[in-house]
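J.: What follows is a predicted structure for the sequence shown.
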Amino acid sequence: MTDLEIAEVKQAAVTPEQRLVVALAAVYAMRAGAIRHLTLDDIDLPRRQIRLSGHHKKLSEFAHRALIDWFA
């Protein structure tokens, strides 16, 4: 997705859950099944990392903020 497309989807996603799904799909190209199978053990907020398919990836600012909002 382009930055413009992501910005447009961010405006349409109004709940924390919607924003989190958009962030994971847009930034990491995660599919619905992979998103559904994420666990809290896959998220490391202090280190700003997410484990995807056994590999640690840096959380983008968008995904990090979406996770914080979702946890709140």
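T.: Perfect, thanks for sending it.

J.: So Ala26 sits against Val9, correct?
T.: Yes: at 6.7 Å, Ala26 counts as touching Val9 under the criterion of CB atoms under 8 Å. C-betas here are computed from N, CA, C, even on glycine.

J.: More neighbours: which of the two?
T.: Ala26 (20 against 17; other CB atoms under 10 Å).

J.: Tell me which helix or strand the more buried one sits in.
T.: helix 16-28 (DSSP states H and E).

J.: what comes up buried for that helix?
T.: 19-28 (16 or more other CB atoms under 10 Å).

J.: Quick one, which of the residues you listed has the minimum pLDDT?
T.: Lowest-confidence member of the buried residues of helix 16-28: Ala26, scoring 84 (pLDDT).

J.: Now do it against Arg48, distance only.
T.: According to CB to CB, to the nearest Å, Ala26 and Arg48 sit 17 Å apart.
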